[in-house]
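Undergrad: how does the following fold in three dimensions:
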Amino acid sequence: MTNRRFKTGVSRDQVSLLPARVEDYVGRDSPVRAIEAFVEALDLDRLGFCHGGSDGGRGQPPYDPADLLKLHLYGYTNRIRSSRALEREASRNLELIWLMKQLGPGYRTIANLRRDNWNALKATNREFVLMMRELGLLGGEVVAIDGAFFDGNASKASIKTQRKLAKRLAEIEREIEAYGVALEANDSAEAERPPAEPDDGGSAGGEDVGQKVAALMRKRATLKADLAQLKETGQTQLSRTDADARLLSKNGQVVAGYNVQIAVDDRHELISASEVVNDGNDSGQLYTMAKAVKEELGVETLTVLADTGYYNGKALKDCEENGIVAYVPQAQRSERLAAQGRLSHEEFIYDAAADAYRCPAGALLRPSNGRKVNAGRIEIRYTSRKADCDACPLRSRCLSAKTPTRSIRRWEHEAVLDRHRTRMAGAEAQMRRRAELAEHPFGTLKCRAGYRHFLVRGFDKVRGEWGLMALCYNFSRVLSILGFDSFMAYLAKCRLYLAALLLSIASAVIAGLQTLIFCQKARICPTLTTPA
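TA: Below is the predicted model:
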C-alpha cells in the first residue's frame with residue numbers, strides 16, 4: 001500500500017454508477033422538503049397568486065407560481081435574494097434541482113413573482129401566522145413591539161426635504177440675480193464700445209452667460225414645481241427614485257428607506273404581526289400594531305411591551321379602551337431642570353378629590369374655566385395664587401423674577417397616564433423581557449441573514465418583500481421548535497384538508513351543472529319529469 005501525504009479525490013474520468021434519481025441526493029429530513037410540503041398545503045388561488053405568460057395558447061406555458069414561490073422561500077431562507085443568484089443556483093444546487101424538478105426559470109421570471117404578487121406574499125405570511133396559532137406556538141398574551149430602519153432601493157441624495165429644496169431655490173435665485181447683473185454690465189460695455197473697435201469676443205461671452213441663466217431658470221421652475229407638489233400633498237420629503245422611501249433618522253443614523261414594525265410573541269419569539277411604514281417616529285405605531293395582533297390572534301386582552309419611542313398619550317388611551325395593557329416607559333425630560341436645582345412639573349402632585357395640583361411647598365394650583373387645544377389634545381390650565389408664590393420660600397427654584405404665578409397644563413384624559421405611571425413603577429422585569437423579545441428577530445434578519453435593505457421600490461412591493469422575510473424567519477423557527485417530523489405531519493394534514501375541500505367544491509360544482517342541464521332539458525321537453 002502506497003503511503004500518501006494528502007487525501008486524493010476520485011479521477012474525473014472514472015466511470016461510476018451514480019444514484020438513478022435526484023431524490024436520492026436530498027436527505028430525508030432536509031428543510032427543502034418542508035418548503036415543498038408547505039407550498040403544496042397552500043391554496044394559491046385563494047391567496048391571490050397570479051402568473052404572467054401564456055394562458056394555454058401558442059408559445060411556451062408559464063411557470064407555476066407554486067414552483068416560483070418555493071424558489072423564493074428557499075432563497076430567503078438560505079440568504080439568497082438576488083433573482084440572478086437564484087437563477088444560477090437553480091441549475092447547480094442539488095436541493096433546488098430537486099425542489100424545482102430541474103426547471104430553470106430566468107432571473108426576470110423569478111423577479112416578476114416578487115414584483116407582481118406582493119399582495120399574495122403578504123397573504124401567505126398571514127396564512128403562516130394562522131398556522132402557528134393553530135399549532136399553539138403563539139401565546140397571544142404578551143407581545144413586544146419594536147421598529148427598525150431598513151434601507152430602500154434609493155440613495156439619500158435622491159430624497160429631498162422641503163428645507164433642502166427651499167435652500168437650493170434661494171441659492172439659484174441668487175445665482176440668477178448675479179448673472180443678471182453680469183448681463184447688464186456686458187450690454188453696457190457693448191453699447192459704449194466705438195463702432196470701429198474690433199470685437200474681442202464679448203458677445204460670445206454674453207451668449208454663454210445667457211445659456212447659463214436659461215439653465216438656472218429651468219432648475220428654478222423644477223424646484224418650484226417640487227415645492228408646490230409637497231405643499232399640495234402635505235408631505236415634507238420628495239423622493240425621485242422610490243416615491244415612498246423617506247429619509248429616516250434615529251440616534252444620529254440617517255437611512256433612506258422604511259421603518260419596519262413588528263410584534264413578537266412571548267412564547268417562542270415568533271413574529272405575530274408586522275407592518276412597513278415610512279415614518280421615522282414610532283410614537284404613532286403602538287395602538288396600530290397592538291390592534292393588528294389582537295385581530296390576527298383573535299384575543300380579547302393583550303399585554304404590550306414597547307420602548308420609550310412609542311410613548312404617546314392618545315395611543316395609551318386607545319389601548320386602555322380596547323383591552324390592551326401597555327408598558328411603555330416615558331422619556332425623562334427634566335434632567336436639565338434638576339441639574340439646575342429647579343422644580344419640574346413632575347414634582348407637582350395631582351389631588352383628584354380636590355381637582356387641584358399641590359406644589360412642593362403645599363400650595364394648591366386651581367383649574368381655570370377655559371380649555372386649550374394643544375396638538376389635538378384638550379388641556380386644562382391649573383394656576384397658583386400670586387400671594388402664595390410671593391411668600392413661598394421655593395419661589396426662586398420655581399419661577400423666574402418676572403413670572404408671577406406657576407401654571408401646569410393637564411390633559412383631559414390625564415387619568416389614563418396616571419394609571420400608566422403607576423403601572424410602570426414596578427415594570428423592570430417587563431422592560432428586560434421587551435429587549436429580549438423585540439431585538440431577536442431584527443438581529444437574526446439583519447446580522448445573520450444580512451437583510452438590511454429592500455430590493456424593490458414602492459410601499460406595495462416593499463411590504464410584499466417584507467412578507468417574505470418575516471415568513472422565512474417564522475418558518476425556520478417553527479421548523480426548529482417542532483422538529484422536522486412533527487412539522488411535516490401537520491403539513492400532511494393540511495394537504496389532506498385542502499384536498500377534501502377542493503373535492504367538496506368540485507362535487508358542488510358538478511351537482512350544480514347537473515341541475516342546470518336537467519332544468520334546460522325540462523324547458524325543451526315539457527313532458528320530461530323528475531324521476532322518483
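Undergrad: tell me the contacts of residue 408?
TA: 345, 348, 357, 365, 381-382 (Cβ atoms under 8 Å, 6 or more residues apart in numbering). The way it works is simple: take the backbone N, C-alpha and C, and place the C-beta from them, glycine included.
Undergrad: make that residue 150, sorry
TA: 255, 257-260, 451-454.
Undergrad: can I take it that it is in a strand?
TA: Yes: applying DSSP: H, G, I helix; E, B strand; the rest coil, one finds residue 150 inside a strand.
Undergrad: got the contact list for residue 420?
TA: So residue 420 contacts 316, 326, 328 (Cβ under 8 Å, 6+ apart).
Undergrad: now swap in residue 262 and tell me
TA: Applying Cβ under 8 Å, 6+ apart, the residues near residue 262 are 145-147, 271, 273-274, 289, 438, 441-442, 470.
Undergrad: least confident pick among those residues?
TA: Of all the contacts of residue 262, residue 438 carries the smallest pLDDT score, 87.
Undergrad: returning to what we had before: adding distance to residue 116, neighbour count and pLDDT, write the contacts of residue 420 out as TSV.
TA: Shown next, in TSV, are these (distance: Cβ to Cβ, whole Å; neighbours: other Cβ atoms under 10 Å; pLDDT from 0 to 100):
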residue	distance to residue 116	neighbour count	pLDDT
316	40	22	95
326	39	24	95
328	39	25	94
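Undergrad: let's have these in CSV, adding secondary structure and distance to residue 427.
TA: What follows is the contacts of residue 420, written out as CSV (DSSP: H, G, I helix; E, B strand; the rest coil; distance: Cβ to Cβ, whole Å):
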residue, secondary structure, distance to residue 427
316, helix, 14
326, strand, 10
328, coil, 9
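Undergrad: and those residues as TSV, adding distance to residue 279?
TA: Below are the contacts of residue 420 laid out as TSV (distance: Cβ to Cβ, whole Å):
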residue	distance to residue 279
316	18
326	19
328	17
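Undergrad: looking at those residues, which one is closest to residue 135?
TA: Comparing the contacts of residue 420 against residue 135 with Cβ to Cβ picks out residue 326 as the nearest, at 27.5 Å.
Undergrad: I'd guessed that closest one sits against residue 318; true?
TA: No: the pair residue 326 and residue 318 does not pass the contact test of Cβ atoms under 8 Å, sitting 9.5 Å apart.
Undergrad: sorry, back to before: show me the contacts of residue 262 that map onto helices.
TA: 289, 438, 441-442, 470 (DSSP state H).
Undergrad: make a PyMOL selection of the buried ones in those.
TA: To isolate the buried members of the ones in helices among the contacts of residue 262 in PyMOL, using 16 or more other Cβ atoms under 10 Å:
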select buried, resi 289+438+441+442+470
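Undergrad: turn the ones in helices among the contacts of residue 262 into CSV, columns for distance to residue 191.
TA: Converted to CSV, those look like this (distance: Cβ to Cβ, whole Å):
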residue, distance to residue 191
289, 71
438, 74
441, 74
442, 70
470, 73
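Undergrad: what sits against the most centrally placed residue in the chain?
TA: For the chain, the residue nearest the mean C-alpha position is residue 276 (1.6 Å; Cα atoms, centre = their mean). Shown in contact with residue 276 (Cβ under 8 Å, 6+ apart): 258-261, 459, 462-463, 466.
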